[in-house]
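Enquirer: using only what follows, build the 3D model:
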Amino acid sequence: MKVISIISFAPKINLDPERFQDIYEYTEHYEKNVGRVQYLDVDEPVKRVFFYDEFALNQAERLVPFYDGENVDVELWRPYRDIKEVHEKNINGVNCKLIPAVVQKDRFGRKHTISNLMIEMLKNEVRKGTVLITNFPSNFTQYVLEELGPNVPVIANKRGFWFERFKRQDYKTIKLPYHFLKKGKQEKLFRKHYIDAYGSVSITKEFEYLESLGFKNYFYHQDGVDFDFFVPAENKYQVRMDLGLEPDKIILMYTGKFYSTKGADKLIAAYNNMPNRQEVQLVLIGGGQTDEYYQYGVDSGAIVIEKTKREKLMKYYQAADIYIMPIPESNSMRTFGGIGRSTIEALACGTPVITNQLMHFEGTEEESDRIGSRYNDENDIHLVIKKVLNQYQHYSNCREIAKKYYEMDRCTLRLKSKVDSLFNQYYKS
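Expert: Here you go, the predicted structure:
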């Protein structure tokens, strides 16, 4: 048996293009600040290519130990422009392949990545006994599934994208012909058995939509977090001293790009307007200098940090009193990453959270209330912060509650069970 996870995009500079000359310069910056960059040596014209700490590689790596002793290969495939042959490297037990791809324009003038070679290779692997895992919806995934045809074992994962069905609600001026064509293709893939199982980090309108298409084999699936790595501080005071934070202040923490889609501007505004501002320190981690609200954060007096290695990131989680991810409710409902890995990492470190992403929490309403709080209005964020601080002991078991649902092995085994079931269905029935 083979399990192939597909990354549906070639590496590209989709962040801070004004700062980096090319993808290799960006990669060196990422490696220096974050680490977990894997290079593959490739001859000219591309000297090196990489995999870094992204979901598909993490997911594949986590599956490997659960197939120890079994005749199962786990692979990760990625379309890659500007290479002329397949390149591969084993990374932590995962055979990672870069496969030549090209960009072409559709009839609407939009650019799309395609790879005839990948399609040919996938068809060959499926004939021999392979289950595919890919993110959805995305243009490349739709292309791959349409080319492979129905009745191929496919698990699709929702990764922060949204269906065209919901996109239309947010963007009233989108090009209608393209929108309705893409919407029809997405719905066909579910109606006509191009997708066998669909794992989503969202548990709101999305499942209702799939039901309306007659598709019922969906399941909730979050990656999970390593609770053995992300742990509470033994001495919070010392961690704050080590990080250069004032030990007696209330520490609020945010991670991610400094964009309005994540509510960074609303959080900074709430910080600026807090009546006890001198007692509070906001720490913003993950934004770049060209982000929409980077300078706004600097001017507010917040501590602003670009991407950082996860060992140091954990220390900030440990030092914080509250972790805040102020994504607007409409975005939380349809698009962004479910409850979110960073939210779970904060909870694993014993830090309660404020975020509307709690609408995707897998547990009960009572348990959700004991790990953090949502907010009704962006102008009330400072009031929710006050509420959480005033009843802080109420959230003392937030780590234990989160671990019950989001421990890494539990989440990986849920995905593995879907893989094994599909393999048996297609190749042993």
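Enquirer: next, give phi and psi for residue 134.
Expert: phi -150, psi 160 (degrees, to the nearest 10).
Enquirer: what pairs with the residue lying closest to it once chain neighbours are set aside across the strands?
Expert: Nearest residue to residue 134, sequence neighbours excluded (C-beta to C-beta, 6 or more residues apart in numbering): residue 6, at 4.2 Å. Just so you know, the C-beta spots here come from the backbone N, C-alpha and C atoms, and that holds for glycine as well. Beta-bridge pairing for residue 6 (DSSP bridges): residue 77, residue 134.
Enquirer: what's residue 6 in contact with, if anything?
Expert: 56, 76-78, 132-135, 141, 144 (C-beta atoms under 8 Å, 6 or more residues apart in numbering).
Enquirer: any chance of these in CSV, with distance to residue 159, pLDDT and neighbour count too?
Expert: Putting the contacts of residue 6 into CSV (distance: C-beta to C-beta, whole Å; pLDDT from 0 to 100; neighbours: other C-beta atoms under 10 Å) gives the following:
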residue, distance to residue 159, pLDDT, neighbour count
56, 9, 83, 22
76, 15, 94, 24
77, 16, 94, 27
78, 14, 91, 24
132, 15, 97, 26
133, 11, 96, 25
134, 9, 92, 22
135, 4, 86, 22
141, 10, 90, 25
144, 15, 95, 25
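Enquirer: nearest to residue 232, of these?
Expert: residue 56 (29.7 Å; C-beta to C-beta).
Enquirer: what sits against the closest one?
Expert: Applying C-beta under 8 Å, 6+ apart, the residues near residue 56 are 5-7, 76, 78, 133, 135.
Enquirer: could you redo the last one with a cut-off of 7 Å?
Expert: By C-beta atoms under 7 Å, 6 or more residues apart in numbering, the residues touching residue 56 are 5, 7, 76.
Enquirer: what's the burial count for the second one?
Expert: Pointing back at residue 7 there. 24 (other C-beta atoms under 10 Å).
Enquirer: so it touches residue 94, yeah?
Expert: No - Residue 7 lies out of contact with residue 94 (C-beta atoms under 7 Å); the separation is 11.7 Å.
Enquirer: name the residues contacting each of these two.
Expert: residue 76.
Enquirer: what's the longest strand belonging to the chain packed up against?
Expert: Ordering each strand of the chain by length in residues (DSSP state E) puts strand 94-105 first. Packing partners of strand 94-105 (3 or more C-beta pairs under 7 Å, 6 or more residues apart in numbering; DSSP states H and E): helix 55-63, strand 73-81, strand 87-91, strand 111-114, helix 116-129.
Enquirer: tell me which of the ones you listed sits nearest to residue 352.
Expert: helix 55-63 (25.1 Å).
Enquirer: give me the angle between that closest one and strand 87-91.
Expert: Going by axes from the mean of the first three to the mean of the last three C-alpha atoms, to 10 degrees, helix 55-63 is angled at 50 degrees with respect to strand 87-91.
Enquirer: now do helix 55-63: distance to the chain's middle.
Expert: 12 Å (C-alpha atoms, centre = their mean, to the nearest Å).
Enquirer: picking that back up, reformat the helices and strands packed on strand 94-105 as JSON lines; add distance to residue 243.
Expert: Shown next, in JSON lines, are those (distance: least, C-beta to C-beta, whole Å):
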{"stretch": "helix 55-63", "distance to residue 243": "26"}
{"stretch": "strand 73-81", "distance to residue 243": "34"}
{"stretch": "strand 87-91", "distance to residue 243": "31"}
{"stretch": "strand 111-114", "distance to residue 243": "41"}
{"stretch": "helix 116-129", "distance to residue 243": "44"}
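Enquirer: between these, which gets nearest to residue 224?
Expert: helix 55-63 (8.1 Å).
Enquirer: between strand 94-105 and the closest one, find me the angle.
Expert: Using the same axes, to 10 degrees: helix 55-63 against strand 94-105 is 160 degrees.
Enquirer: average pLDDT across the longest helix anywhere in the chain?
Expert: The longest helix of the chain (DSSP state H) is helix 408-427. When pLDDT is averaged over helix 408-427, the result is 95.
Enquirer: where does pLDDT dip in the stretch 101-250 of the chain?
Expert: 108, 160-161, 167-176, 178, 204 (pLDDT under 70).
Enquirer: helices of that one, residue ranges please.
Expert: 116-129, 139-148, 164-170, 176-191, 205-212, 236-243 (DSSP state H, counting those that start in this stretch).
Enquirer: between those, which gets nearest to residue 398?
Expert: If you check each of the helices of the stretch 101-250 of the chain against residue 398 by C-beta to C-beta, helix 236-243 wins as the nearest, at 14.8 Å.
Enquirer: can you mark which positions in the closest one are buried?
Expert: 236, 239-240, 243 (16 or more other C-beta atoms under 10 Å).
Enquirer: repeat for stretch 135-152
Expert: 135-145, 148, 152.
Enquirer: before we move on, back to that, residue 425: which of the contacts of residue 6 is nearest?
Expert: residue 132 (13.6 Å).
Enquirer: what residues are up against the residue nearest to that closest one when sequence neighbours are not counted?
Expert: Nearest non-adjacent residue to residue 132, counting by C-beta to C-beta, 6+ apart: residue 154, 4.9 Å away. Residues in contact with residue 154 (C-beta under 7 Å, 6+ apart) are 132, 145, 194-196.
Enquirer: per-domain residue ranges of the protein.
Expert: Domain ranges of the chain: 2-224+410-427, 236-406, per automatic domain parsing.
Enquirer: now do the first one: distance to the chain's middle.
Expert: A distance of 12 Å separates the centroid of the chain from that of domain 2-224+410-427, by C-alpha atoms, centre = their mean.
Enquirer: compute the first-to-last residue distance for that domain.
Expert: Chord length of domain 2-224+410-427, first to last residue, is 12 Å (C-alpha to C-alpha, to the nearest Å).
Enquirer: so can I have TSV of the contacts of residue 56 showing distance to residue 118?
Expert: Below are those laid out as TSV (distance: C-beta to C-beta, whole Å):
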residue	distance to residue 118
5	13
7	11
76	12
